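J.: Show me how the following folds:
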Amino acid sequence: MANFMVYLQREYHMNQVEAATILNGWSAASNFAPVIGAYVSDAFMGKFWTIVLGSFSSLLGMMIMTLTALLPPLRPPPCADEDLQQGQCIPYNGAQLGVLMVSLCWLSIGTGGIKPCSIPFSVDQFDLTTEEGRKGNSSFYNLYYTTQTIVLLITQTVVVYIQNDISWALGFGIPTLCMIFAIVLFFVGTRVYVYIKPKGSVVAGVAQVFVAAYKKRRFYIPVDGVDGQFYDPPLTTSLLCVRELHLTTQYRFLNKAALVIDDEVNPDGSCKNPWMLCTIQQVEDVKCLLNIIPIWVTSILGFLAMNQQGTFTVSQALKMDLQFGSTIKIPAGSVGVITLIAIAVWLPFYDRVLVPALEKITKLEGGITVLQRIGVGNLFSILTMLVSGFIETKRRNSALSHGGPDGVAPMSVMWLTPQLILIGFAEIFSIVGLIEFYNKQFPEHMRSIGNSLIYLTFSLASYASNWIITIVNDVTGRSGSSWLSGDINTSKLDKFYFLIAGISLLDFVVFMFCARRYHYRGSVRIN
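T.: Predicted structure coming up:
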């Protein structure tokens, strides 16, 4: 789906605002779905069956998408490039848009089942209590990342070329066949997989802390701690590495949830009513969540810059010289390959060269703290939008002064390289930093929820991007010259980029305030 913006504009005759709105909306739904998938997996279905549901949903979505490209009645009639440029093509009707939306809905459901469970289910297959299992687990992460990068590169080069120059139906059909093969391959191992039964959702445990604290709001917390005043049963976990947390004074009102009142504990040490009495570990886990929430909220607007790569950056490329050398023509939807290459080159250099050098200077594991790494990513996001704005100003001036009848500027698409490399740096620091932050700071039994927050962040960032696009289009359109009009050459996309840079700068200031006040979790105890 790397070329989906082009598909909507060329085959459904949408302007860039309509296409960007649909793309952002679908991206938001697809990134919110893993949160629901994580809850369903933990509470009811388990990882295996959630992946199965997601796989068949994705397959159904891809089959419908392929049909929209294969069957002419499911999309508007073909239109010449000149008519498309002038907005004279026959628009899509409600039924055609409805079929497209159904396809996207099934793809979002599939994403919700696969993304939150694929890695945890794979990790379940390793015995982390043995050295061999831990080494295999580390190798799996490396293999997963490598495979992901290769697939993305193939998608944005070979598949995009097939879609643009050969056939959209074939371009969608190939991923559909790959999905069928993946499902068959997944079922081959059903007899050898390790299955871990769902243990219930963590949502109830979090709610119990607030409910118990509220019910005991009239009780006083003793000043001097005495054994037995707070409920602290021994930890029961099969994890090799356990963070045992002690009761803290932060969010002190929640401590009442662990306050033991008469006749609340059974003779065997279990509590009689979990909605009246919670463990110290439960209380401190909830405090961890409350600490993480401000960082998570600021990361939403921090991802605004990354959202523009798959929408307006592609629109820019469509109005630039796509010729590379004398024989190669770069598909507009493949410009994101530059970002992938930047990540593939820079990330090993960062891990193998820069981090060890920083560790010698700062004496910190990783060279810098996780929050500092996220902050650096936010700075790269701001810089990306500023550079994008300046490049767009040059591109539009070139198109208006020297462009041909089709509005294409005599300016190489490689001018987009700086902004695409910078957004790659932003992803390396922000996204990888957030993944590391959630895995280190979330309670062990909530890590699947923590990982799903990454996708929820993308989702809310997409919604925020849509909201900003709508407001900017409406406000600037009142004067008759919208910043985001249908024709990118008469719009003011550069000003929109500068606006995103300003919003990202304000968000960075708030992030710095929250990061300075953040308290990292307790120490690790090796059992």
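
J.: Report the contact partners of the most centrally placed residue in the chain.
T.: Relative to the mean C-alpha position of the chain, the nearest C-alpha, by C-alpha atoms, centre = their mean, is the one of residue 455, at 3.6 Å. By C-beta atoms under 8 Å, 6 or more residues apart in numbering, the residues touching residue 455 are 30, 31, 32, 33, 34, 35, 111, 115, 116. Using the backbone N, CA and C atoms, a C-beta is placed for each residue, glycine as well.

J.: From the contact counts, what lies against whatever helix or strand residue 371 lives in?
T.: Assigned by DSSP states H and E, residue 371 falls within helix 370-402. Counting by 3 or more C-beta pairs under 8 Å, 6 or more residues apart in numbering; DSSP states H and E, the packing neighbours recorded for helix 370-402 are helix 280-302, helix 304-307, helix 312-318, helix 417-441, helix 493-517.

J.: List just the one of those helices that sits closest to residue 161.
T.: Residue 161 lies closest to helix 312-318 among the helices and strands packed on helix 370-402, at 14.3 Å (C-beta to C-beta).

J.: Pairing partners for the helix or strand that comes right after that closest one, with directions?
T.: Where DSSP H and E defines the elements, the next helix or strand beyond helix 312-318 is strand 323-324. Paired neighbours of strand 323-324 in the sheet (DSSP bridges): strand 328-329 (antiparallel).

J.: List the buried residues of whatever helix or strand comes next after the strand it pairs with.
T.: Toward the C-terminus, strand 328-329 is succeeded by helix 337-349 as the next helix or strand (DSSP H and E). Of all the residues in helix 337-349, those buried under the rule 16 or more other C-beta atoms under 10 Å are 337, 338, 339, 340, 341, 342, 343, 344, 346, 347.

J.: What helix or strand is the residue nearest to the centre of the chain located in?
T.: Applying DSSP H and E as the criterion places residue 455 in helix 447-477.

J.: which of the residues in that helix are buried?
T.: Residues of helix 447-477 classed as buried: 447-466, 468-469, 472-473, 476 (neighbour count, 16+ other C-beta under 10 Å).

J.: angle of that helix against helix 417-441?
T.: Angle, helix 447-477 to helix 417-441, by axes from the mean of the first three to the mean of the last three C-alpha atoms, to 10 degrees: 140 degrees.

J.: now helix 447-477 against helix 280-302, angle please.
T.: Orientation note: helix 447-477 sits at an angle of 30 degrees relative to helix 280-302 (the same axes, to 10 degrees).

J.: for helix 447-477, what is the average pLDDT?
T.: For helix 447-477, mean pLDDT is 82.

J.: just the angle between it and helix 493-517, please?
T.: 140 degrees.

J.: Centre of the chain to helix 447-477, how far?
T.: Centroid separation for helix 447-477 versus its chain: 10 Å, with C-alpha atoms, centre = their mean, to the nearest Å.

J.: Where do the domain boundaries of this structure fall?
T.: Annotated domains of the chain cover 1-199, 201-278, 292-526 [the TED database].

J.: Looking at those, which is nearest to residue 285?
T.: Closest of those to residue 285 is domain 292-526, at 4.2 Å (criterion: C-beta to C-beta).

J.: rewinding a little: any chance of the buried residues of helix 337-349 in a markdown table with distance to residue 412 and pLDDT as columns?
T.: Below are the buried residues of helix 337-349 laid out as a markdown table (distance: C-beta to C-beta, whole Å; pLDDT from 0 to 100):
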| residue | distance to residue 412 | pLDDT |
| --- | --- | --- |
| 337 | 15 | 84 |
| 338 | 13 | 88 |
| 339 | 17 | 87 |
| 340 | 20 | 85 |
| 341 | 17 | 86 |
| 342 | 18 | 86 |
| 343 | 22 | 83 |
| 344 | 23 | 80 |
| 346 | 23 | 82 |
| 347 | 27 | 77 |
